[in-house]
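> Got a predicted structure here, sequence first:
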Amino acid sequence: MATYYPDNFDNTIYGTSGNDSLYGYGGSDTMYGGSGNDMLIGGFGNDYLSGGSGNDYLSGDIGSDTMYGGSGNDIYVFDDLGDVIVENVNSGIDTVYTNLNYTLGDNLENLILIANVHFGYGNSLNNRIDGNSFHNDLWGKSGNDSLHGNAGNDALRGDLGNDYLNGGSDNDYLFGGYNHDVLIGGSGHDYLKGYEVNGYWERDVLTGGIGADTFVLGNKSSNTIAYSGG
């Protein structure tokens, strides 16, 4: 295990085979975590961070940074529009934390919105997307997605795949999209909508909560509606 605190110059920093903590501070740094579960923080400058194998935490911090997690279940912090995340196919279940409106890139699975950001969109994989306490617009796109609005008046759209949508507290809009979806309104006055296209039959489960909820079924198949208070 190693902890490295460099200076304000452009440094190249190598970790060990253990669990390393590498801090770039000033300058445009290049950092290699190696094997182990590493934490890489770029600091100022436009940095290149490579986690290597293991479950790594990568944060470029200030500047336009390139982050490559490698194999393992990695965590990325995307906090600059100039940041680039590179993830290979089948390289673990990865999570992006962001304070910016964000669409998951290739081979990234999970997205968590922090601060006061509003928009979070998925990709073709099975995504989990978590909103924050503000009004979020979450869109799973294709794949079997799990969307969680949490607090705030949120809009959740599953789109393709068998999706799970949970509005959380406040007044939410939930739209399952295609296939067999589970929609849970949570507390607040929620609008829950199933879907049908070109005569295809779906089996959606719509569950309200505390509040005056509205349920809209998109077809005549075996849908389930559950009421809870309200």
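That came in fine, so what should we check first?
> C-alpha from now on. contacts and neighbour counts both.
Will do.
> For the residue nearest the centre of the chain, give its distance to Asn144.
Residue closest to the average C-alpha location in the chain (C-alpha atoms, centre = their mean): Leu111, at 0.7 Å. Noted for Leu111: a distance of 14 Å to Asn144, by C-alpha to C-alpha, to the nearest Å.
> Across the sheet, point out what pairs with the residue nearest to the centre of the chain.
According to DSSP bridges, the partner residues bridging Leu111 are Val96, Ile129.
> Let me know whether it touches Leu125 as I believe.
No: judged on C-alpha atoms under 8 Å, Leu111 makes no contact with Leu125 at a distance of 11.9 Å.
> so how far is the first residue of stretch 136-145 from its last?
Using C-alpha to C-alpha, the two ends of stretch 136-145 sit 16 Å apart.
> Show me what counts as buried in that stretch.
Buried residues in stretch 136-145, counted by 16 or more other C-alpha atoms under 10 Å: 136-145.
> per-domain residue ranges of this structure.
1-92, 98-230 (automatic domain parsing).
> Rounded mean pLDDT for the longest one, please.
This means domain 98-230. If you average the pLDDT over domain 98-230, you get 84.
> Relative to the whole chain's centre, how far out is that domain?
Centroid separation for domain 98-230 versus its chain: 14 Å, with C-alpha atoms, centre = their mean, to the nearest Å.
> ok, now stretch 36-45?
20 Å.
> Could you do stretch 97-108 as well?
Stretch 97-108 sits 6 Å away from the centroid of its parent chain (C-alpha atoms, centre = their mean).
> Kindly export it (C-alpha atoms) in CSV.
What follows is stretch 97-108, C-alpha atoms only, in CSV (Å, rounded to 0.1, in the frame of the first residue of the first chain):
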residue,chain,number,x,y,z
TYR,A,97,-21.1,10.1,-9.8
THR,A,98,-21.7,13.5,-11.4
ASN,A,99,-22.8,17.0,-10.6
LEU,A,100,-23.5,17.6,-14.3
ASN,A,101,-26.2,16.5,-16.7
TYR,A,102,-24.9,13.2,-18.0
THR,A,103,-25.6,10.3,-20.4
LEU,A,104,-23.8,7.1,-19.6
GLY,A,105,-21.1,6.2,-22.1
ASP,A,106,-20.3,2.8,-23.5
ASN,A,107,-19.8,0.0,-21.0
LEU,A,108,-20.9,2.0,-18.0
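> quick one: buried residues of that stretch?
So, applying 16+ other C-alpha under 10 Å, buried residues of stretch 97-108: 97-105, 107-108.
> can you put those residues in TSV and add distance to Tyr68 and secondary structure?
Formatted as TSV, the buried residues of stretch 97-108 follow (distance: C-alpha to C-alpha, whole Å; DSSP: H, G, I helix; E, B strand; the rest coil):
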residue	distance to Tyr68	secondary structure
Tyr97	15	strand
Thr98	16	strand
Asn99	19	coil
Leu100	19	coil
Asn101	20	coil
Tyr102	18	strand
Thr103	17	strand
Leu104	15	coil
Gly105	13	coil
Asn107	12	coil
Leu108	12	coil
